[in-house]
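# Sequence below, structure please.
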Amino acid sequence: MVGENGCRTEAGKGVSVSVNTETSIAATASDMDRALDAGGGIVRLAPTWVPRAFCTPGRRIKLHPDDYFPFQQGRGGIDERWLSSTVHADNGPLTGELEGISLVVGPEGGLVPFDAFVQHHGAQLIGDRLWAEYQGWPMYSKFFDNQFPLPLHVHHRDQHAAALGKKGKPEAYYFPPQMNSHLGEFGVTYFGLHPETTKAQIAERLAQFASGGDNRITDLSRGYRIHLGTGWNVAAGVLHAPASVCTYEPQRASDVACLCESWSNNREVMSELLWKDVPVERVGDVEYIVELLDWERNIDPDFVTSNMMVPVESRSSASSGDDWTERWIVYRAPEFSAKELTVEPGGTVTVRDTDAYGCVVVGGFGSMNGRTISSPTLIRYGQLTEDEFFVSASAAREGVAIINASGTEPLVILKHFGPGNEELAADRDQLQALGRR
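Presented below is the predicted three-dimensional model:
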């Protein structure tokens, strides 16, 4: 059936997938071949909206004001947009069949689930190296956009996630100025723990979760004011409570977490969110949550030096002309990386990359290999856009021609890469010379 906002729905619940009334899911082999061939190795992706029941949308991800709550009661509002994702969101029993999965827009307007698209094209799409090692696209990115800070939580390391049939989830943050007309209610992120904190203190605060109210676990953490145009590395096992700042977040292709703070968003956090990714036999055991923590990383007295990321211009950009600049904005994690490409008004550049990547336009308009690209002003739920793409490994190496069609506004594109980016490896000495590894 078709919902009133032009979205396909299932009886009794909304399906979190941006499909308007004139499009359909089309995942035959010929559909997938035509989609890749028509774009010369570059495919357009439809917006993938994800709700969270425990959050309040910050309303900066360009959805129409009427469309932030398109689902049934209890599903919450849309505060995330997932990018280049093959990951199914874990939002409880009402989660939609394709919730979290990106959709490739075919040349006739049909939509192909990105996970199936990757499996069909394999190395032709993501490159021989990544396909041989991962047999899939091993990362995704997102915008998360909350009016209030998120609860203090932790993502599992590999050894703990494996018991659940999942993978650990390292992530990273970058705060794009273009997505932040305001900083929400609390522009401070908590990371890690005070160096003198003990495991017994953490266990005590976790035990207070069940008593209701605020367990005040952030008393044991350290808060950092957010500066737009910078970022942070967040290793798996590190406690964090992200600020109410719209954030670009490259991460491992996983959705696993334990929420450790009992009060957030001006209300109690459901206790199920503390225990949802815990083996059945350990539910109720706060010592298990303590075991999830990478203790040395959490109490690191040099946490800022080890984890903050200030953008660094890539070597290829620094040796080129004045029409464009490309900077590494995520570069500390081995599992993913990201760059910010800025093309000046009226500028033209052909950018070559060593690896496949997903990308999203956050400012300006122009073209990419002759295809129109633009950062939208306002998006209806279910509407297609021209701001998100995936560039195959071969197209990246051949070079992508970018034209900024504006005479006044920079064209800004964020690009997210998988593990082991070859260009980043070549730029490591430059990063290390600046004290950033």
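
# Residue 43 should be in a strand, yeah?
Yes. Residue 43: assigned to a strand according to DSSP: H, G, I helix; E, B strand; the rest coil.

# what's the spacing between it and residue 134?
19 Å (CB to CB, to the nearest Å). (Glycine included, C-beta is placed from N, CA and C.)

# Which one's more surrounded, the two?
The neighbour count for residue 43 versus residue 134, taken as other CB atoms under 10 Å, is higher for residue 43 (28 against 15).

# Specify the beta-bridge partners of that one.
Legend: beta-bridge partners of residue 43 under DSSP bridges are residue 390.

# any idea how far it lies from residue 100?
Per CB to CB, residue 43 is found 18 Å from residue 100.

# what do you get for residue 425?
According to CB to CB, residue 425 and residue 100 sit 30 Å apart.

# Neighbour count: those two, which is higher?
Each of residue 425 and residue 100 has its neighbours counted (other CB under 10 Å); residue 100 has more, 24 against 12.

# Burial check on the closest residue to the more buried one other than its chain neighbours, number of neighbours?
Distances taken as CB to CB, 6 or more residues apart in numbering place residue 89 nearest to residue 100, at 3.3 Å, with adjacent residues excluded. Per other CB under 10 Å, the neighbour tally for residue 89 reads 20.

# For residue 89, give me its contacts.
16, 50, 82, 95, 99-100, 255 (CB atoms under 8 Å, 6 or more residues apart in numbering).

# what are the ranges of the helices in the stretch 151-300 of the chain?
Per DSSP state H, counting those that start in this stretch, the stretch 151-300 of the chain has helices spanning 158-161, 199-207, 272-275, 286-292, 295-298. These are given in chain order.

# Of all the ones you listed, which one is nearest residue 62?
helix 272-275 (27.5 Å; CB to CB).

# Other residues contacting the closest one?
Under CB under 8 Å, 6+ apart, the answer for helix 272-275 is 54, 151, 206, 209, 258-260, 262, 283-284, 289.

# Can you tell me which of the residues you listed lies closest to residue 107?
Nearest to residue 107 out of those is residue 54 (CB to CB; 39.3 Å).

# neighbours of the closest one, just the number please.
By other CB under 10 Å, the residues close to residue 54 number 17.

# With residue 42 instead?
If you count neighbours by other CB under 10 Å, residue 42 ends up with 19.

# again, but for residue 392
Number of residues near residue 392 (other CB under 10 Å) recorded here: 22.

# With residue 266 instead?
Residues lying near residue 266 (other CB under 10 Å) number 9.

# next one: residue 30
Neighbours of residue 30 (other CB under 10 Å): 9.

# Repeat that for the one 3 residues further on.
Using other CB under 10 Å, residue 33 is surrounded by 12 other residues.

# quick one: which of the helices of the stretch 151-300 of the chain is nearest residue 356?
Judged by CB to CB, the one of these that comes nearest to residue 356 is helix 158-161, at 23.4 Å.

# give me every residue that touches residue 162.
So residue 162 contacts nothing (CB under 8 Å, 6+ apart).

# Let me know the pLDDT of it.
Looking at residue 162, its pLDDT is 96.

# One more: residue 177?
Note for residue 177: predicted pLDDT of 98.

# From residue 163, how far off is it?
As judged by CB to CB, residue 177 and residue 163 stand 41 Å apart.

# ditto for residue 415
For residue 415 relative to residue 163 (CB to CB), the value is 34 Å.

# Can you get me a residue count around the residue nearest to residue 65 when sequence neighbours are not counted?
Ranked by CB to CB, 6+ apart and with sequence neighbours excluded, the top spatial neighbour of residue 65 is residue 59, at 6.9 Å. The number of residues packed near residue 59 is 20, by other CB under 10 Å.

# Need phi/psi at residue 59.
phi 60, psi 40 (degrees, to the nearest 10).

# From residue 387, how far off is it?
18 Å.

# And for residue 310?
Distance from residue 310 to residue 387, counting by CB to CB: 26 Å.

# ditto for residue 336
Distance of residue 336 to residue 387, given as CB to CB: 20 Å.

# ok, now residue 176?
Residue 176 sits at a distance of 13 Å from residue 387 (criterion: CB to CB).

# Now do the shared contacts for those two.
In contact with both residue 176 and residue 387: residue 362, using CB under 8 Å, 6+ apart.

# tell me how far stretch 367-387 is from the chain's mean position?
In terms of CA atoms, centre = their mean, to the nearest Å, the centre of stretch 367-387 is set 18 Å apart from its chain centre.

# Tell me, please, where in the protein the pLDDT is lower than the cut-off.
1-23, 433-437 (pLDDT under 70).

# Provide a list of residues in contact with residue 173.
189, 231-232, 234, 242, 247-249.

# farthest pair in these?
Most distant of those, by CB to CB, are 189 and 248, 14.1 Å apart.

# can you count the residues close to residue 311?
Using other CB under 10 Å, the number of residues around residue 311 comes to 19.
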